[in-house]
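Participant: Generate a structure from the sequence data that follows.
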Amino acid sequence: MNLVFILKKSLLLPKKEALFQLNRVNMKDTLFYMVCLMILLFFPEVIKMIMNGDQVSEGLSYSTYIIQILVLYSLLILFMAVTGISILAFFSLIIAKLVKRKLAYHYLWKITVYAATYPVLIYMVLKLFQIDYVVVNQFPLIVLFLLIYKIILIYPKRSS
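Facilitator: Here you go, the predicted model:
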């Protein structure tokens, strides 16, 4: 599957057809999509850090500073993304249990990655316009859980 296909289908969520097509995407492509989302999300921050390189501490060369940003910061962001998606998928599993839907954790993990497309875009727009209020920054998270809730409700209830 290619990245454009996944992006188009992620933007069509919570439609049933898009959901079932995204279910067929393998985990390697899902992880690649997640990494691309995180790069897109944190790219402006990395550029800002590189541009403020004149504030490098004493004893640290500029090239070392750039390497640290590109390698260590990227790995930190990737670790935080996987951890964050895993925690959100756990909450999605709780929601699925509460509404009596039988969904596996790995499937909810993938769907959480795809459902994060809109919240990431909303967060980027908020950052672009420098809207930085605690309440406003919670809005993408609310959108994510509403989207996941709608996706979970697409599946039939457990049979007794």
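
Participant: Only C-alpha atoms from now on, for both contacts and neighbour counts.
Facilitator: Will do.

Participant: Helices of this structure, residue ranges please.
Facilitator: Under the criterion DSSP state H, the chain carries helices at the ranges 3-11, 16-23, 27-51, 62-67, 74-98, 105-115, 117-128, 134-137, 139-154.

Participant: quick one, which of those is packed in tightest?
Facilitator: Between these, helix 105-115 has the highest mean count of neighbours, a mean of 21, where neighbours are mean count of other C-alpha atoms under 10 Å.

Participant: Now tell me which of the helices of the chain the model trusts least on average.
Facilitator: Between the helices of the chain, the one with the least mean pLDDT is helix 134-137; it has a mean of 76.

Participant: quick one: pLDDT of the residue nearest to the spatial centre of the chain?
Facilitator: Note on the chain: the residue nearest the mean C-alpha position is A116, at 4.4 Å, using C-alpha atoms, centre = their mean. Listed pLDDT for A116 reads 93.

Participant: ok, the nearest residue in space to it that is not next to it in sequence - contacts?
Facilitator: Excluding its sequence neighbours, the residue lying closest to A116 (C-alpha to C-alpha, 6 or more residues apart in numbering) is L144, at 6.1 Å. Neighbour list for L144: 115-116, 118-119 [criterion: C-alpha atoms under 8 Å, 6 or more residues apart in numbering].

Participant: just R101 next, same as before
Facilitator: With contact set as C-alpha under 8 Å, 6+ apart, R101 has these partners: 152-153, 155-158.

Participant: what pLDDT does it get?
Facilitator: Taken from the predicted model, the pLDDT recorded for R101 is 91.

Participant: again with P156
Facilitator: Residue-level confidence at P156 comes out at 84, pLDDT.

Participant: Give the bridge partners for the closest residue to it other than its chain neighbours, please.
Facilitator: Spatial nearest neighbour of P156, excluding adjacent residues (C-alpha to C-alpha, 6+ apart): R101 at 6.5 Å. The residues listed as beta-bridge partners of R101 by DSSP bridges are K157.

Participant: on that earlier part again, possible to save the contacts of L144 as a markdown table with distance to S92?
Facilitator: Formatted as a markdown table, the contacts of L144 follow (distance: C-alpha to C-alpha, whole Å):
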| residue | distance to S92 |
| --- | --- |
| A115 | 11 |
| A116 | 13 |
| Y118 | 17 |
| P119 | 16 |
